[in-house]
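Asker: What would the 3D arrangement of this be:
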Amino acid sequence: MNKQILITVFKIILLMFFFNFCQSSFYYKVDSYVRKNCENKDTCTLFLKDITDFEWEQFYFIPFGKDVNDILGFKYPFDTDISNVIVFLRKGKIVYHEESILYPEKPLKYNFSKNNYLLKECLVLTPAKAVFHVTKRKIKNKKNYYLLHTVEL
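Answerer: Just a heads-up that it's a prediction; the model follows:
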């Protein structure tokens with residue numbers, strides 16, 4: 001009986017951790033914002049500082065294939081094999097990071113772009129400059145995906 005209780009408690013803790021992680025992910029926060037503010041519009045504006053619940057000084061979007069260590073200027077301590085990387089820094093330290101693994105058969109719902117082209121270069125922004133126009137697009141299977149276009153301020 002004790003073993004069953006222990007297994008049940010472990011499962012509950014694991015589910016709570018997973019649910020909390022999903023809600024705190026960057027893309028989950030972008031998705032929540034888009035659903036609330038952009039769902040019935042073709043475009044809207046997203047201020048990155050409005051969806052982050054931590055202080056930061058620099059936002060990095062580093063696309064797959066770029067040298068994360070070189071771009072950040074220090075050793076990135078996480079795996080980036082086949083991922084786009086998002087990093088927020090404050091005082092030169094990582095305060096948030098996320099790696100989005102790329103699956104060719106399942107495109108990302110949100111992609112960063114500049115001048116209507118998907119970013120293949122690194123994007124580095126301060127809170128004041130981290131402003132995006134969110135544009136809804138359709139893909140072949142009729143699902144929506146969104147481009148986050150940088151806004152020149």
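
Asker: hey, let's count contacts and neighbours off CA atoms from now on
Answerer: Will do.

Asker: residues contacting the spatially closest residue to Glu55 that is not a sequence neighbour?
Answerer: Nearest non-adjacent residue to Glu55, counting by C-alpha to C-alpha, 6 or more residues apart in numbering: Arg90, 7.0 Å away. Neighbour list for Arg90: Glu55, Trp56, Glu57, Gln58 [criterion: C-alpha atoms under 8 Å, 6 or more residues apart in numbering].

Asker: so what's the last one up against?
Answerer: It refers to Gln58. Neighbours of Gln58 in contact, by C-alpha under 8 Å, 6+ apart: Phe88, Leu89, Arg90, Val124, Leu125, Thr126, Pro127.

Asker: Of those residues, which is the most crowded?
Answerer: Phe88 (23 neighbours; other C-alpha atoms under 10 Å).

Asker: got a list of what that one touches?
Answerer: Counting by C-alpha under 8 Å, 6+ apart, Phe88 has contacts Trp56, Glu57, Gln58, Phe59, Tyr60, Ile94, Val95, Tyr96, His97.

Asker: give me that answer again for 7 Å
Answerer: Trp56, Gln58, Phe59, Tyr60, Ile94, Val95, Tyr96, His97 (C-alpha atoms under 7 Å, 6 or more residues apart in numbering).

Asker: That one belongs to a helix?
Answerer: No: looking at Phe88 with DSSP: H, G, I helix; E, B strand; the rest coil, it is strand, so not inside a helix.

Asker: Identify the bridge partners of it.
Answerer: Phe88 forms beta bridges with Phe59, Tyr96, as assigned by DSSP bridges.

Asker: start to end distance for stretch 66-81?
Answerer: 10 Å (C-alpha to C-alpha, to the nearest Å).

Asker: Only the buried residues of that stretch, if you could.
Answerer: For stretch 66-81, the neighbour count (16 or more other C-alpha atoms under 10 Å) marks Lys66, Val68, Leu72, Tyr76, Thr80 as buried.
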